[in-house]
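# sharing a sequence plus its predicted fold:
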Amino acid sequence: MPIVIFDNDDNNYFNWISLNPEGFVLNSSRIGKHDNNLTLHKSTCDRVGHKRSNDRANSRTDIYLKHCCSKLSPLEHWASANKNLKHPVGYYRCAICFP
């Protein structure tokens, strides 16, 4: 399954979320390739799956890129290849949707 990346594209991101309720989202910071903010979420997670408001400052895809896939393994592979050097696995799992 291919990974779809959303960059400053909330409309298509929320469309993907609605079409892939069993999918996964990996947040990737714009700061750098080895940033410490790679976090994996289920697409239904409240932290990534809902619009905050129509305000541009509350966009979901402007600060963090959203790497989305209907399967978990491609995102895990991507995170491993672009891993957070401060985390042994390369990414964090959201404590809300991966308790």
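Done, it's in.
# so where's this structure uncertain?
31-36, 50-58, 83-89 (pLDDT under 70).
# which residues in it form helices?
With helices called from DSSP state H, the chain shows them at 10-19, 72-81.
# how about a markdown table for those helices, with mean neighbour count and distance to Ser43 added?
Glycine gets a C-beta too; all of them are placed from N, C-alpha and C. Shown next, in a markdown table, are those (neighbours: other CB atoms under 10 Å; distance: least, CB to CB, whole Å):
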| stretch | mean neighbour count | distance to Ser43 |
| --- | --- | --- |
| helix 10-19 | 15 | 5 |
| helix 72-81 | 16 | 11 |
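# figure out which of those is closest to Val48.
helix 10-19 (7.8 Å; CB to CB).
# show me the contact partners of the closest one.
With contacts defined as CB atoms under 8 Å, 6 or more residues apart in numbering, helix 10-19 is touched by 4, 6, 23, 25, 43-44, 48-49, 51, 59-61, 66, 68.
# rerun that using 7 Å as the cut-off
Helix 10-19 has contacts (CB atoms under 7 Å, 6 or more residues apart in numbering) with Val4, Phe6, Ser43, Gly49, Lys51, Ser59, Arg60, Thr61, Lys66, Cys68.
# dump the helices of the chain to CSV, plus distance to Tyr91.
Formatted as CSV, those follow (distance: least, CB to CB, whole Å):
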stretch, distance to Tyr91
helix 10-19, 19
helix 72-81, 4
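# for those helices, which one sits closest to Gly90?
Set against Gly90 and scored by CB to CB, the helices of the chain come closest in helix 72-81, at 4.6 Å.
# what sits against Lys66?
If you count contacts by CB under 7 Å, 6+ apart, then Lys66 has Ile5, Phe6, Tyr13, Val25, Asn27, Arg60 around it.
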